[in-house]
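> predicted coordinates and the sequence they were generated for:
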Amino acid sequence: MMRVSITSYTVDLTDGDLRQLSQLGVDCIDFGKGSAFPGVKEQGYPDLDELLRLKRRLRSFGLDINRVTLPDLTTKFMQNEPGSEQELENAVQAMKVFGEAGIPIARQRFEGDTFPHLTKKYRAIHRGGAIARGESLGFVTEVGPKRTQEEHEQYWQRFCEAYQRLVPMAEEAGVLLGMHPSDVPHPDTPFGGLGFHRIIDTFPSKNVGYVYCVGTRAEEGGSALVLDEINHYGRKGKLFLVHFRNVRGSLPTAGAFEEALLDDGDMNMFKILLELRKVGFSGCLNPDHVPILEGVTPEPNASWPHTCIQWSYHNIGYVYSIGYIKALLAALVEFER
């Protein structure tokens, strides 16, 4: 049975936070920031005792940790600058610690996998004045540099060097290593449509797969692409976690896209659930990005303006999304009778 998770960028959740999540029927928390765990700032990777303490506290509220994030691999590492190998060492050690704590899924971020200058971010207004994230190819007035084929291959080589260390540790630790697609999926992004698939071609381990983001992939090709990819990756057992996000438009069709509430985008999200059920997906559904509704003031984030990227106590957008997913899951049970 599929479950519901939410994203938090902090481990400093109050008892009130955890009570509300429990009341809403959330099952798990996905921690989206590798530096948030105690010990990372001091030693480069999480402290096991503190991580176990966090896990016990969450479980006392009926919650569990579903996905964590490894310490980032920055541009310094991706460009093979002197001294940057310590970043990879920290990520490998973090994987070991997460395995010892019994965490099921980890994600590694690779800086530079998107090209933000290729689209212009804008403030979209949806029903009732809801504010949503929009990005457009047409609004760009200055054409920035593009990565050459040689630079692309060098980036991919550094990615492979990192995974050559991370994958064996993931296997040893019993952790699933999930990759999120490049968001935004501009042409030639390392983890866009073609590069995303290349990961499992190059690393055919059972522990290597995806944090599959429905919204991000729809930005590249709409619902048809999403349904095809769920069927393809799901049959291979490569879907570890699903970011359950709806959008309007796509880069190839409209030259732009806008994030939307789950019932207000181009995709029928129940059809997405049916496809996930068909391939046997039993992981978490996470409403990772949510438009800004009346009364909500998200934390400022220059990289993600006009949207909410993590749950917070007073965010009714997440409450709406969680309820919507719970209702779809209940309907799915009846549908299967």
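That came in fine, so what should we check first? Numbering: from 1, shown residues only.

> how about residue 241, what does it touch?
5, 30, 66, 67, 105, 178, 210, 211, 212, 283, 284, 286 (C-beta atoms under 8 Å, 6 or more residues apart in numbering). Every residue, glycine included, has its C-beta placed from N, CA and C.

> just the ones of these in strands?
5, 30, 66, 67, 105, 178, 210, 211, 212, 284, 286 (DSSP state E).

> so which of these is the closest to residue 196?
Nearest to residue 196 out of the ones in strands among the contacts of residue 241 is residue 210 (C-beta to C-beta; 7.3 Å).

> for the closest one, the count of nearby residues, please.
27 (other C-beta atoms under 10 Å).

> which strand residues bridge it?
residue 179, residue 239 (DSSP bridges).

> verify the stated contact: it with residue 196.
Yes - using C-beta atoms under 8 Å, residue 210 makes contact with residue 196 at a distance of 7.3 Å.

> list residues touching both of the two?
Residues touching both residue 210 and residue 196 (C-beta under 8 Å, 6+ apart): 179, 181.

> now residue 89: closest residue in space that isn't a chain neighbour?
Among residues not flanking residue 89 along the chain, residue 44 sits closest, at 7.5 Å (C-beta to C-beta, 6 or more residues apart in numbering).

> that neighbour: what's it in contact with?
So residue 44 contacts 71, 86, 89, 90, 93, 94 (C-beta under 8 Å, 6+ apart).

> any idea how many residues pack against the closest residue to residue 77 other than its chain neighbours?
Distances taken as C-beta to C-beta, 6+ apart place residue 84 nearest to residue 77, at 4.2 Å, with adjacent residues excluded. Neighbour count for residue 84, taken as other C-beta under 10 Å: 16.

> ditto for residue 195
Residue 195 has 20 neighbours, counted by other C-beta under 10 Å.

> surely it meets residue 186?
No - the pair residue 195 / residue 186 is not scored as a contact, 11.3 Å apart, by C-beta under 8 Å.

> roughly how far is stretch 296-314 from the heart of the chain?
15 Å (C-alpha atoms, centre = their mean, to the nearest Å).

> my error: substitute stretch 234-245 in the last question.
That offset, for stretch 234-245, works out to 11 Å (C-alpha atoms, centre = their mean).

> endpoints of it, how far apart?
Stretch 234-245 stretches 18 Å from its first residue to its last (C-alpha to C-alpha, to the nearest Å).

> from residue 250, how far off is residue 286?
Residue 286 is 21 Å from residue 250, where distance means C-beta to C-beta, to the nearest Å.

> settle it for me: which of those two has more neighbours?
Between residue 286 and residue 250, counted using other C-beta under 10 Å, the more crowded position is residue 286 (29 against 20).

> thinking again about what came up before, any idea how far residue 72 is from the residue nearest to residue 89?
11 Å.
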